[in-house]
Each structure stands twice: as structure tokens, then as C-alpha cells.
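[1] Quick one: sequence and predicted model below, then my questions.
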Amino acid sequence: MTLAQIIEELELEVLTQPRNFDRITPTCGYASDMLSRVMARGPREGGLWVTLQAHVNIVAVGAVLGLCAIIVTEGEVPDAETLAKADEIGVTVLATDKPTFWVVGNLWRLGVREA
């Protein structure tokens, strides 16, 4: 399952610069709103992170872990500064108004498994 397929299937909004999502295959997924927990136990290189956090620190975590994307849920939208930073360092940020539980359940259905 490619990131492009996940974006289409879950009807995610791409908030950062588009990339060749057809060539990106997420390695795993993780859901948490505690940044320290994500850093300690979250996905590594190529993983997806699902959170309702929308501040600039999610971009730093995504970059350090080498995530393929961050999915921000429940209608939260990062501000322009956060999205600019994500574009600058190459972190993909996606969004949905759906609850985290819905996103995670559908990622599981699509074959994305835990870290």
C-alpha cells in the first residue's frame, strides 16, 4: 500500500508540498499525542504517525524519526509557520477531520501495522 493509495482511500488532505507519494510505502504506523512517547516508542524510518497535535514540534519529531508522513486528525490544522517548516525540511503533513480512532482503524484495514 503506497502513501498515494492511503491518501486517496482515507481522503486525506495534503497540507505540505506534494511528493511522489506513489513511490512511498509506509513501513508501519503509530498513534499518540505525547511527543516524548512517539520519540521513545514510535515509528522509525518510513513510518506513519497519527496525532491530533498540530504545532511545530510535530515537524521536528517527524524529521528526527524519518517518518514518511504525519496525519493530523480531528480537524486540527497546523499553522502556516509549521507547514513552512515541514516543507523546508521535507516532512509530509496530511490532515483529516476524522477521529484518530477512525484513521487508525482504516490504516489497519489497509495493511499498515504497528512499529
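    Thanks, I have the structure now.
[2] tell me what the helix or strand hosting residue 86 is packed against?
    Here residue 86 sits within helix 80-89, counting by DSSP states H and E. Here helix 80-89 touches helix 57-65, strand 93-95, going by 3 or more Cβ pairs under 8 Å, 6 or more residues apart in numbering; DSSP states H and E. No exception for glycine: its C-beta is placed from N, CA and C like everyone else's.
[3] measure the residue nearest to residue 13 when sequence neighbours are not counted to residue 45 for me?
    Leaving aside its chain neighbours, residue 13 sits nearest to residue 95 (4.7 Å; criterion: Cβ to Cβ, 6 or more residues apart in numbering). According to Cβ to Cβ, to the nearest Å, residue 95 and residue 45 sit 23 Å apart.
[4] So these two - more neighbours on which side?
    Between residue 95 and residue 45, counted using other Cβ atoms under 10 Å, residue 95 has the larger neighbour count: 20 against 10.
[5] Report the beta-bridge partners for the more buried one.
    Judged by DSSP bridges, the bridge partners of residue 95 are residue 13, residue 72.
[6] quick one: contacts for it?
    Residue 95 is in contact with 12-13, 15, 71-73, 76-78, counting by Cβ atoms under 8 Å, 6 or more residues apart in numbering.
[7] So for stretch 8-21, mean pLDDT?
    The average pLDDT within stretch 8-21 is 97.
[8] where does the spatially most central residue of the chain land on pLDDT?
    Centroid-nearest residue in the chain, with Cα atoms, centre = their mean: residue 70, separated by 1.6 Å. At residue 70, the pLDDT value in this model is 98.
[9] Tell me which helix or strand it sits in.
    Assigned by DSSP H and E, residue 70 falls in strand 69-72.
[10] Now do that strand: which elements does it pack against?
    Checking 3+ Cβ pairs under 8 Å, 6+ apart, strand 69-72 ends up next to strand 48-51, helix 57-65, strand 93-95.
[11] hmm, 7 Å instead?
    strand 48-51, strand 93-95 (3 or more Cβ pairs under 7 Å, 6 or more residues apart in numbering; DSSP states H and E).
[12] I would like the residues contacting it, please.
    Residues outside strand 69-72 that contact it (Cβ atoms under 7 Å, 6 or more residues apart in numbering): 3, 12, 48-52, 54, 58, 62, 78, 91-96, 103.
[13] Fine by me, we can end here.
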